[in-house]
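Q: show me the folded form of this:
(2 chains)
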There are 2 protein chains.
Amino acid sequence: MSELRRLVDANREYVDDHLGIADAEPRRHLAVVTCMDARIDVFAALGLELGDAHVIRNAGGRVTDDVLRSLALSSHALGVDSVVVMQHTRCGLAGVSNAELEEVTGSGIDFFCIDDHVETLRTDLQKIRDTPYLSVLSEVAGFVHDIDPGHITEIVEA
Amino acid sequence: MSELRRLVDANREYVDDHLGIADAEPRRHLAVVTCMDARIDVFAALGLELGDAHVIRNAGGRVTDDVLRSLALSSHALGVDSVVVMQHTRCGLAGVSNAELEEVTGSGIDFFCIDDHVETLRTDLQKIRDTPYLSVLSEVAGFVHDIDPGHITEIVEA
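A: Presented below is the predicted three-dimensional model:
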């Protein structure tokens, strides 16, 4: 339990300075879907503060069925009306295939690999737009985040 | 595009101070699975710095198939060997049913509701342990995060 014990010890030192956030509704009525990548500083990169947005993250920042589930709650139960899907350069899912990842991981699942960032974002945004229970969303867009200078280099509108 | 335009404008001001993180492998070989809730400061609450960990987030911080997909990449491709699943008090999925959420959202999907936090964590950790391609993980644990004082109140080991 060494690494996890370290987390618990750090938590003991945690002085919560966001006690003011009683409301579960994101202040900016926003959900950000992005990659789990350890190098992405979601809040700094997008000028967000704690309490502003739902943050949904998985391998690639792909719009999977689980992301649709999360967005159903964001939009209908918690006042979210804007969604941005932010994928990034040098992603572990870019330029690889399911067959290659099966060899690496021993799992034959669909990994949601990314061939072309803009094309993938178009597909993912369309998936949101094609989901009847998400028709309440007003703004849906995709960003490509260049992980090295930290900038948004492409904007895809849905 | 007002809210999304505001994100892009904020990004223009973003001065990337993590250019030193060339390596995609999380420094602490750790993945954190937690809820999308806007009030959770994952890094502060667990004493993490940018680059330390994969951060996987969805509604509830539940171990869905999409989380297993992400963890397959974390563990086999990116050196992760510890996983913590952190669920929290006052979660929108706690104490509600699929039938109630169907009424709210108009969707009949499984929302992965949470009846009891410790029981749910046990179920979710077991799902990780029962996934053959995740047998490479050495540490797997669950935390209940009390969102008000910000502390970890329960630790569930797998």
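
Q: check contacts around residue A:108.
A: Shown in contact with residue A:108 (C-beta atoms under 8 Å, 6 or more residues apart in numbering or on different chains): A:98, A:102. C-beta: built from backbone N, CA, C; applies to glycine.

Q: ok but it is inside a helix, no?
A: No: counting by DSSP: H, G, I helix; E, B strand; the rest coil, residue A:108 falls outside a helix, being coil.

Q: now the helices for chain A?
A: A:2-12, A:42-46, A:65-77, A:98-105, A:117-129 (DSSP state H).

Q: out of those, which is closest to residue B:7?
A: helix A:42-46 (4.6 Å; C-beta to C-beta).

Q: and the helix or strand of chain A with the lowest mean pLDDT, what's buried?
A: Across the helices and strands of chain A, mean pLDDT, DSSP states H and E gives its lowest value to helix A:2-12, namely a mean of 88. Within helix A:2-12, the residues that count as buried by 16 or more other C-beta atoms under 10 Å in any protein chain shown are A:3, A:4, A:6, A:7, A:8, A:10, A:11.

Q: farthest pair within those?
A: Most distant of the buried residues of helix A:2-12, by C-beta to C-beta, are A:3 and A:11, 13.3 Å apart.

Q: residue ranges with poor pLDDT in chain A?
A: By pLDDT under 70, the weakly predicted segments of chain A are A:1, A:16-20.

Q: can you count the residues close to residue A:59?
A: Neighbourhood size, residue A:59 [other C-beta atoms under 10 Å in any protein chain shown]: 28.

Q: do residue A:23 as well
A: 12.

Q: residues in contact with it?
A: residue A:51.

Q: residue A:34 is in contact with residue A:43, correct?
A: No: counting by C-beta atoms under 8 Å, residue A:43 stays clear of residue A:34, with 11.0 Å between them.

Q: out of those two, which sits in the busier spot?
A: Under the criterion of other C-beta under 10 Å, the comparison of residue A:43 against residue A:34 puts residue A:34 first, with 24 against 17.

Q: does that one have beta-bridge partners, and which?
A: For residue A:34, the beta-bridge partners are residue A:57, residue A:86 (DSSP bridges).

Q: residues contacting it?
A: When contacts are counted by C-beta under 8 Å, 6+ apart, residue A:34 touches A:40, A:42, A:55, A:56, A:57, A:61, A:85, A:86, A:87, A:88, A:145.

Q: which one of the residues you listed is nearest residue B:113?
A: Checking the contacts of residue A:34 one by one against residue B:113 (C-beta to C-beta), the nearest turns out to be residue A:56, at 17.6 Å.

Q: ok so, going back, distance to chain B added to the helices of chain A, as a markdown table?
A: What follows is the helices of chain A, written out as a markdown table (distance: least, C-beta to the nearest C-beta, whole Å):
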| stretch | distance to chain B |
| --- | --- |
| helix A:2-12 | 2 |
| helix A:42-46 | 5 |
| helix A:65-77 | 4 |
| helix A:98-105 | 4 |
| helix A:117-129 | 12 |
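
Q: out of those helices, which one sits most buried?
A: Ranked by mean neighbour count, those are led by helix A:65-77 with a mean of 23 (mean count of other C-beta atoms under 10 Å in any protein chain shown).

Q: contacts for that helix, please.
A: Under C-beta under 8 Å, 6+ apart, the answer for helix A:65-77 is A:26, A:31, A:33, A:54, A:56, A:58, A:80-81, A:83, A:127-128, A:131, A:133-134, A:136-137, B:36, B:58-59, B:64-67, B:92-93, B:101, B:104-107, B:109-112.

Q: dump stretch A:59-76 to CSV, keeping only the CA atoms.
A: Extracted in CSV, the C-alpha atoms of stretch A:59-76 (Å, rounded to 0.1, in the frame of the first residue of the first chain):
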residue,chain,number,x,y,z
ALA,A,59,-7.9,7.3,-22.5
GLY,A,60,-7.9,9.6,-25.4
GLY,A,61,-10.7,11.9,-24.4
ARG,A,62,-13.0,9.8,-26.6
VAL,A,63,-16.8,10.1,-26.5
THR,A,64,-17.6,6.5,-25.4
ASP,A,65,-21.0,5.3,-24.1
ASP,A,66,-19.7,6.0,-20.6
VAL,A,67,-19.1,9.7,-21.5
LEU,A,68,-22.7,9.9,-22.8
ARG,A,69,-23.9,8.5,-19.5
SER,A,70,-22.0,11.2,-17.6
LEU,A,71,-23.2,13.9,-19.9
ALA,A,72,-26.9,12.8,-19.4
LEU,A,73,-26.4,13.6,-15.7
SER,A,74,-24.5,16.8,-16.4
SER,A,75,-27.1,18.2,-18.7
HIS,A,76,-30.4,17.0,-17.2
